[in-house]
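> Quick one, structure for this:
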Amino acid sequence: MVRVTALYPAPLPFLKGHGTENDFVIVPDPANEIELPAWAVARICDRRAGVGGDGLLHVVKSAAHPEARAMAGEAEWFMDYRNADGSIAEMCGNGVRVFARYLQRAGHAAAGELAVATRGGVKRVHLAKDGDVTISMGRARLPEEGVTVAVGGHRWPTRNVNMGNPHAVAFVDDLDHAGDLRSAPAYTPSSVYPDGVNVEFVADRGERHVAMRVHERGSGETRSCGTGACAVAVAAARRDGLDPAVTGAPVTYTVDLPGGRLLITELPDGEIEMTGPAVIIAEGSLDPALLTPPQ
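Coordinates of the predicted model:
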């Protein structure tokens, strides 16, 4: 495996993309030859000294990655996702849309149906030739134990929703009450989420229409979070007394985020579909000097 250091034999190719302004650095590496330690990812994602991004999408063939080989029969490509601080995450819904758009741009996938392997399982994607991307995000799990989130003088109970990664959803009267989300909001008891949690603050905007802000663990406040939007839609549906598994009818919520709008549909079988934009905005190469190991 090639180590990404100042001795890397050539500038490292990358692309930049975003889904509802949740932005990512994309590093193509089909054979899984590039090692990306946490410090390197953090430098690349730094918004002042690096390219800048909410996370990094390491594009690897499933058969070439030890965490994805078991999924290679279902999905040729694995999204090895990293948070902006270099930590590894199970899933990123906006990231999958951008990942799929990259595969289309690179000629690895055509418009239509596509499967992408993630640490949260295989995700089914529908790629429009131009326009929005729809992802089957899997089923939500609703653990009973929740936490109380506190910001300033405000405290809210939360709904525990797991979309392959953990979410704590709080319904608030005013999104400004969430305060500065660059740092993780305090919550108790901490034992519910020993590895940290994504925290969503949600306000109603109309019938089956909500707005949200989110602190993503390892990244701070982001302009959008796909798994978070799914978690919010499920939590809102249950709060509103709606459960497609009971009624037999799908339920769709419009979710407004700082970076744009997503449509989230929960089907009677529990599958959740997310539809939204994904664009590639830049392509270039990283100077090896950026990737000199820290002393």
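> could you pull out the helices for the stretch 101-250 of the chain?
Here the stretch 101-250 of the chain has its helices, by DSSP state H, counting those that start in this stretch, at 226-239, 244-247.
> Please convert the ones you listed to CSV, extending it with mean pLDDT and mean neighbour count.
Yep, even glycine has a C-beta here, placed from its N, CA and C like the rest. What follows is the helices of the stretch 101-250 of the chain, written out as CSV (pLDDT from 0 to 100; neighbours: other Cβ atoms under 10 Å):
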stretch, mean pLDDT, mean neighbour count
helix 226-239, 97, 26
helix 244-247, 97, 12
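> Tell me which residues touch V122, please.
V122 is in contact with M71, E74, A75, A115, V116, counting by Cβ atoms under 8 Å, 6 or more residues apart in numbering.
> Neighbour-wise, which one of those leads?
The most crowded member of those, judged by other Cβ atoms under 10 Å, is V116 (25 neighbours).
> all strands of the stretch 1-150 of the chain, in order?
Along the stretch 1-150 of the chain, counting by DSSP state E, counting those that start in this stretch, strands occupy 2-3, 12-19, 22-28, 34-35, 55-61, 77-83, 112-118, 121-127, 133-139, 148-151.
> Tabulate the ones you listed (CSV), appending mean pLDDT.
Below are the strands of the stretch 1-150 of the chain laid out as CSV (pLDDT from 0 to 100):
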stretch, mean pLDDT
strand 2-3, 46
strand 12-19, 96
strand 22-28, 96
strand 34-35, 90
strand 55-61, 97
strand 77-83, 97
strand 112-118, 96
strand 121-127, 94
strand 133-139, 95
strand 148-151, 97
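> Near the spatially closest residue to A110 that is not a sequence neighbour, how many other residues are there?
Closest residue to A110 apart from its sequence neighbours, by Cβ to Cβ, 6 or more residues apart in numbering: Q104 at 7.1 Å. Residues near Q104, counting by other Cβ under 10 Å, number 21.
> Q104 and L127 touch, don't they?
Yes: with contact defined as Cβ atoms under 8 Å, Q104 reaches L127; the gap is 5.5 Å.
> what sits in contact with each of the two?
Common neighbours of Q104 and L127 (Cβ under 8 Å, 6+ apart) are A110, A111.
> ok, residues contacting stretch 28-41?
1-4, 12-13, 15, 27, 56, 58-61, 64-65, 82-87, 102, 106, 291, 293-294.
> of those residues, buried ones?
Listed as buried from the contacts of stretch 28-41 are 4, 12, 15, 27, 56, 58-61, 65, 82-84, 86-87, 102, 291; burial here means 16 or more other Cβ atoms under 10 Å.
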